[in-house]
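S.K.: Need coordinates for the following:
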Amino acid sequence: MNFLLNILLLSIAIFVVAQLMPTIRIKNYWTAILVAMVYSLISFFIGWLLFLISLPFILITFGLFKFVINAFLLWITDKLIKDFEIEGLGSTLVAAFLITLLDTAFRWLLF
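M.R.: Take a look at the predicted model:
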């Protein structure tokens, strides 16, 4: 149940950010759910390795380098899903930051 709630909150964050940013195109809310699921799986299988490899950079930047890792994972998700598109590196970084911020805010409000 917790996994489904996490996917739901992440998909809401993705959908809201896609509506706010004109450089992100998403077909519909079901695509946002698919993006949230793929992003979560990529983060589960690759994210921890990237986190360990970049731990010195994360410590030096007081955790801000995690946004670069999230942007990379979001870029991989963009390449895997046809109905989800982000234009440019800057948009990917901003989108990763906003998605992380909204997802964290939703979790903070609910838990």
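S.K.: and the longest helix along the chain, which residues are buried?
M.R.: In terms of residue count, the longest helix belonging to the chain (DSSP state H) is helix 89-110. Counting neighbours by 16 or more other CB atoms under 10 Å, one finds that the buried residues in helix 89-110 are 91-100, 102-103, 106. Placement of C-beta: from N, CA and C, glycine included.
S.K.: how near is I46 to V17?
M.R.: Distance of I46 to V17, computed by CB to CB, to the nearest Å: 21 Å.
S.K.: Of these two, which one has the most company?
M.R.: When I46 and V17 are compared on other CB atoms under 10 Å, the one with more neighbours turns out to be V17, at 23 against 14.
S.K.: where do the helices sit along the chain?
M.R.: Under the criterion DSSP H, the chain carries helices at the ranges 2-20, 29-42, 48-53, 55-60, 65-80, 89-110.
S.K.: what's the third one in contact with?
M.R.: Helix 48-53 is touched from outside by I58, K66, I69, F72, L73, with contacts defined as CB atoms under 8 Å, 6 or more residues apart in numbering.
S.K.: Please consider this matter closed, and thank you.
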